[in-house]
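S.K.: Need coordinates for the below:
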Amino acid sequence: MPGCDCSSFEAGQDQVIQRVDSFQESTREVLHNIRNVLYELREEPSTDSNFVHQVRMLLNRFEISTGIRSKLNVDAGWPARLSAASAYNLYRIVEEALNNVRLHSGAARVDVQLGAIDDGVSLVVRDDGRGLLGSDGSRRHGMGVMGMRERAVLLGGELDVTSDEGEGTIVTAIVRGFANSY
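M.R.: Reported below is the predicted structural model:
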């Protein structure tokens, strides 16, 4: 270039190349992290092994990754076997409830209770976090709660979320009709 300081042009060009390289490396790292998260979300729980064991493993991973203490309680009447659809959807309800605890609750502890009721089962996830009240005093329910409700309905059940500010959150799924179909 006539009348140009080529050394400053080349230095500027080198800086641009370094920044592009840095952006590319950052992009690769973000894509790698997204792939890992998607893999974990898509990983289906095994239904040929014990459902209780699968939930226990989920809670162990949750506690290790978050530092939030967890406990699993299983009633004596909990079914020894579940249908694949029941195991899958109940597992995903627990998984989403734990995800909400991790993201929103500020909890130090979460308890999961697998219960047997008359002709069905109950699943309760209880945390000791800050609760769900929004800044305007209204309860906030997002896509995660909607998804948990849909999963409970798919099983012929219902899902309820209760919370008091500063008192934690309780997610309860009740699924009836297990007497003949688990």
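
S.K.: show me where this protein has helices.
M.R.: Per DSSP state H, the chain carries helices over the ranges 6-42, 51-66, 84-100, 143-154, 178-181.

S.K.: Highest mean neighbour count out of those?
M.R.: Highest mean neighbour count of those: helix 84-100, a mean of 20 (counted as mean count of other C-beta atoms under 10 Å). Backbone N, C-alpha and C define where each C-beta goes, glycine included.

S.K.: Distance from the chain centre to it, please.
M.R.: Its chain's average C-alpha position is 9 Å from that of helix 84-100, according to C-alpha atoms, centre = their mean, to the nearest Å.

S.K.: and the angle for that helix with helix 6-42?
M.R.: Helix 84-100 and helix 6-42 are oriented at 130 degrees to each other (axes from the mean of the first three to the mean of the last three C-alpha atoms, to 10 degrees).

S.K.: roughly how far apart are the residue most central in space within the chain and Thr66?
M.R.: Central residue of the chain (C-alpha atoms, centre = their mean): Asn99, 2.8 Å from the mean position. Using C-beta to C-beta, to the nearest Å, Asn99 is found at 10 Å from Thr66.

S.K.: show me what contacts the residue nearest to the centre of the chain?
M.R.: By C-beta atoms under 8 Å, 6 or more residues apart in numbering, the contact list for Asn99 reads Gly144.

S.K.: Could you list the low-pLDDT ranges of the protein?
M.R.: Where the chain drops to pLDDT under 70, the residues are 1-5, 32-33, 35-49, 133-141, 178-182.

S.K.: Residue ranges of each domain in it, please.
M.R.: 1-43, 49-181 (automatic domain parsing).

S.K.: From Phe23, how far out is the residue nearest to Ser86 when sequence neighbours are not counted?
M.R.: Excluding the flanking residues, the one nearest Ser86 by C-beta to C-beta, 6 or more residues apart in numbering is Leu155, at 5.8 Å. From Leu155 across to Phe23, the span is 46 Å (C-beta to C-beta).
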